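# Output the structure for:
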Amino acid sequence: MNQRGVTLIELIIVMVIIAIGAVLTTPNISGWLTNYRLRSATRDVASTLRLAQLKAISTNTSYQVFFDTVHDSYILQYLDTLGTPVGEGGTQTLPTGVKFNTTFPLNITTFSPNSMATDGNITLNNTKGTTKTVRLLGSTGRIRIE
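This is a model prediction of the structure:
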């Protein structure tokens with residue numbers, strides 16, 4: 001009896017151990033995913049604000065970001081010569097489970113060509129109650145994630 005191999009019993013035991021490990025790690029993955037989506041959305045919002053600021057300076061045109069809190073989306077816009085907002089790029093939608101609120105008047109922040117902007121905050125939160133804030137200091141145009 002010098003045969004090498006795996007018996008059916010040994011194979012079943014290994015499969016049961018793998019299944020138990022998968023069941024135990026699944027709740028951790030969903031909690032991690034929720035926080036990952038919040039961090040990712042926060043970085044995306046801050047990047048869009050920085051892009052609006054850079055474009056306003058480089059093109060000598062006012063740019064704004066409109067936050068649609070009802071549909072959980074936002075869009076970068078420039079103001080044409082008549083002051084009418086024109087969308088640039090597509091509407092960005094927040095990931096599933098992430099919502100936001102702003103302190104900007106009419107949920108719009110505007111960047112001037114001199115780098116100044118509307119003062120305010122964008123507060124993002126997820127279904128677990130975790131919160132991230134993007135602060136915009138209007139006098140300097142500084143954008144900070146907290």
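# where along this structure do the strands fall?
Ranges of strands in the chain, per DSSP state E, are 63-68, 73-79, 85-87, 92-93, 98-102, 108-111, 120-126, 131-137, 142-145.
# Might you report the residue contacts of the most centrally placed residue in the chain?
Centroid check for the chain by C-alpha atoms, centre = their mean gives A41 as the closest residue, at 0.6 Å. Going by C-beta atoms under 8 Å, 6 or more residues apart in numbering, A41 touches L94, P95, V98, F100, L124. Bear in mind the C-beta positions are built from the backbone N, C-alpha and C, glycine included.
# check contacts around the nearest residue to N125 once chain neighbours are set aside.
Counting by C-beta to C-beta, 6 or more residues apart in numbering, the nearest residue to N125 once its immediate chain neighbours are dropped is T131, at 4.6 Å. T131 sits next to T123, L124, N125 when contact means C-beta under 8 Å, 6+ apart.
# mind putting the residues you listed in JSON lines, pLDDT, distance to L11 and neighbour count included?
Below are the contacts of T131 laid out as JSON lines (pLDDT from 0 to 100; distance: C-beta to C-beta, whole Å; neighbours: other C-beta atoms under 10 Å):
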{"residue": "T123", "pLDDT": "97", "distance to L11": "52", "neighbour count": "16"}
{"residue": "L124", "pLDDT": "96", "distance to L11": "47", "neighbour count": "23"}
{"residue": "N125", "pLDDT": "95", "distance to L11": "46", "neighbour count": "16"}
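# Output those in CSV, with distance to N35 appended to each entry.
As requested, these are exported to CSV (distance: C-beta to C-beta, whole Å):
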residue, distance to N35
T123, 16
L124, 12
N125, 11
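# Relative to I20, tell me which of the strands of the chain wins on proximity.
Nearest to I20 among these is strand 120-126; the distance by C-beta to C-beta comes to 28.7 Å.
# hang on, the earlier thing: what about the residue nearest to the centre of the chain, distance to V134?
Using C-beta to C-beta, to the nearest Å, A41 is found at 10 Å from V134.
# Need the overlap of contacts for these two.
Common neighbours of A41 and V134 (criterion: C-beta under 8 Å, 6+ apart): L124.
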